[in-house]
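Student: Dropping a prediction and its sequence here:
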Amino acid sequence: MKKVMTLSTKMTTIRFPEDVYEKLKKQAAAKHISINQMVVESVQQFLEESATTNSTMESRLILNQVVKPDKIFADSGLVSVNGIYYRYLTSDNQAIQADMSYLVVEAVGNILTIKPIQK
């Protein structure tokens, strides 16, 4: 006897702007799936990517920020970005150059990786 696995589901109402709905409808038709399945798959993909990229609101706000030399405190190993102090690593593992600006390229917890901006 074959065992059938059933998934528990919840129903919700989502309101789309008409132009977004029409695009969604066309995409779903092109893939030969329902709009519901298209939305569920898209949300699942978003959640999986969010979980694996360590993408927090804070990291999105500080990534690609330029850090001026006066905001890098090499003696304490701290950097100030948007008024918050973080520990830092340099992308090339070199010492901080006092006259150079840096770009925030990664944020993991309270540690930023910064990369020198070449003049």
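Tutor: Yep, that arrived. Numbering: from 1, shown residues only.
Student: now the strands for this protein?
Tutor: Assigned by DSSP state E, the strands in the chain fall at 66-67, 72-73, 78-81, 84-90, 102-108, 111-116.
Student: Relative to residue 37, which of these is closest?
Tutor: strand 102-108 (34.3 Å; C-beta to C-beta). Placement of C-beta: from N, CA and C, glycine included.
Student: partners of the closest one, with directions?
Tutor: strand 66-67 (antiparallel), strand 111-116 (antiparallel) (DSSP bridges).
Student: Output that strand as PDB - backbone C-alpha positions only.
Tutor: What follows is strand 102-108, C-alpha atoms only, in PDB (Å, rounded to 0.1, in the frame of the first residue of the first chain):
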ATOM      1  CA  TYR A 102      37.000  51.800   2.400                       C
ATOM      2  CA  LEU A 103      33.900  50.000   1.100                       C
ATOM      3  CA  VAL A 104      31.800  47.700   3.300                       C
ATOM      4  CA  VAL A 105      31.600  44.400   1.300                       C
ATOM      5  CA  GLU A 106      30.300  41.900   3.800                       C
ATOM      6  CA  ALA A 107      28.500  42.000   7.200                       C
ATOM      7  CA  VAL A 108      28.300  39.000   9.400                       C
END
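Student: Mind splitting the protein into its structural domains?
Tutor: Using automatic domain parsing, the domain ranges for the chain come out as 18-53, 58-116.
Student: How far off centre is the last one?
Tutor: So the one you mean is domain 58-116. 18 Å (C-alpha atoms, centre = their mean, to the nearest Å).
Student: just to revisit the earlier point, now the strands paired with strand 102-108 as CSV including mean neighbour count?
Tutor: Output for the strands paired with strand 102-108, formatted as CSV (neighbours: other C-beta atoms under 10 Å):
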stretch, mean neighbour count
strand 66-67, 17
strand 111-116, 18
